[in-house]
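**Q** Turn this into a model:
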Amino acid sequence: MSLNKYVLRLILYEGGSIMNIEKWHKYTLGEKVVEALKKNWFNAVYLENKEEAVKYILENIKEGDKVGFGGSATIKELGIAEEAKKLGAIVLDHGMPNLTAEEKMEIRRAQLTSDLFLCSSNAITLNGELVNVDGAGNRVAAMTFGPKKVIVAVGINKICIDEKAALERIKMIAAPMNSKRLGLSTPCAQTGVCMDCKNESRICRSYNVLKKKPMATDLTVLVIGENIGY
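**A** Residues are numbered from 1 along each chain as shown. Take a look at the predicted model:
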């Protein structure tokens with residue numbers, strides 16, 4: 001078969017369009033990761049888009065719940081905090097404006113005993129492992145133990161073939177972009193790539209790989225079939 005005919009068959013695959021092929025690819029990768037996560041004892045589900053993710057998360061929030069937010073660009077993009085407030089939840093978000101350093105620390109500690117802790121993961125492997133690097137360590141701590149329930153929302157863009165690739169993704173994408181988002185003076189916020197710096201503002205301090213679901217934690221991973229977060 002000629003290259004042109006092969007490309008045409010791809011474009012016409014499943015009704016038609018390049019968009020359908022992309023949708024197939026995201027679904028295929030997403031479901032593969034979900035199955036791997038389940039084998040590692042995580043609760044896991046594939047959701048096609050952000051709207052489905054928002055619906056899933058809000059169904060797990062009720063009036064009076066203490067809901068912790070792990071400083072995630074993904075969760076912020078989903079707009080969960082405002083919706084949680086509408087449901088009567090108590091929002092524990094150390095990223096809110098005009099907080100003192102002491103107030104931020106108090107909120108981080110409170111997140112550890114929240115009813116629901118929401119965060120993302122810097123990367124997720126095809127083997128169903130969550131790979132993260134933290135500055136303060138509050139996110140990886142809460143993911144591991146403390147909250148009654150943890151939901152980790154991960155965009156399809158964060159899937160990596162293995163742990164090595166996941167760490168490379170953090171160096172090339174997650175760390176520089178998060179440093180820039182936070183307005184830090186780290187070298188990566190200038191160069192766009194990890195420089196393994198000695199800067200006091202460095203956010204790459206606590207390295208954590210969840211190879212299996214922590215035994216005492218109700219942890220669900222939402223794999224979202226869209227690019228979301230860093």
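**Q** Other residues contacting the lengthiest helix in the chain?
**A** Scanning the chain for the helix with the most residues, using DSSP state H, yields helix 18-39. Identification of contacts with helix 18-39 by Cβ atoms under 8 Å, 6 or more residues apart in numbering yields 10-11, 13-14, 44-46, 48, 124-128, 156, 159, 221, 223-226. Every residue, glycine included, has its C-beta placed from N, CA and C.
**Q** Now the residue nearest the centre of the chain: closest residue in space, sequence neighbours ignored.
**A** For the chain, the residue nearest the mean C-alpha position is Ser120 (2.0 Å; Cα atoms, centre = their mean). Among residues not flanking Ser120 along the chain, Thr74 sits closest, at 3.7 Å (Cβ to Cβ, 6 or more residues apart in numbering).
**Q** what's the answer for Leu167, then?
**A** Val131 (6.5 Å).
**Q** Output the below-cut-off pLDDT ranges for this protein.
**A** For the chain, the stretches flagged by pLDDT under 70 are 1-19.
**Q** which residues in it form strands?
**A** 43-47, 66-69, 90-93, 116-119, 123-125, 130-134, 149-155, 159-160, 206-210, 219-224 (DSSP state E).
**Q** for the last one, the distance to its chain's centre please.
**A** Taking the mean of its C-alpha atoms, strand 219-224 sits 8 Å from the chain's own mean (Cα atoms, centre = their mean, to the nearest Å).
**Q** same question, the fourth one
**A** Its chain's C-alpha centre and that of strand 116-119 lie 10 Å apart, by Cα atoms, centre = their mean.
**Q** Compute the first-to-last residue distance for stretch 119-131.
**A** 13 Å (Cα to Cα, to the nearest Å).
**Q** now swap in stretch 200-208 and tell me
**A** End-to-end distance (Cα to Cα), stretch 200-208: 20 Å.
**Q** Please apply the same query to stretch 219-230.
**A** Its start and end residues considered, stretch 219-230 measures 21 Å (Cα to Cα).
**Q** Buried residues of that stretch, list them for me.
**A** Residues of stretch 219-230 classed as buried: Leu219, Thr220, Val221, Leu222, Val223, Ile224, Gly225, Glu226, Ile228, Gly229, Tyr230 (neighbour count, 16 or more other Cβ atoms under 10 Å).
**Q** how much distance is there from it to the middle of the chain?
**A** 6 Å.
**Q** ditto for stretch 94-104
**A** That offset, for stretch 94-104, works out to 22 Å (Cα atoms, centre = their mean).
**Q** Could you list the buried residues of it?
**A** His94, Gly95, Lys104.
**Q** likewise stretch 163-172?
**A** Ala166, Leu167, Arg169, Ile170, Lys171.
**Q** Show residues contacting it.
**A** 122-125, 127, 129, 131, 133, 158, 160, 193-194, 204, 209.
**Q** Quick one: buried ones out of those?
**A** Asn122, Ala123, Ile124, Thr125, Asn127, Glu129, Val131, Val133, Lys158, Cys160, Cys194, Cys204.
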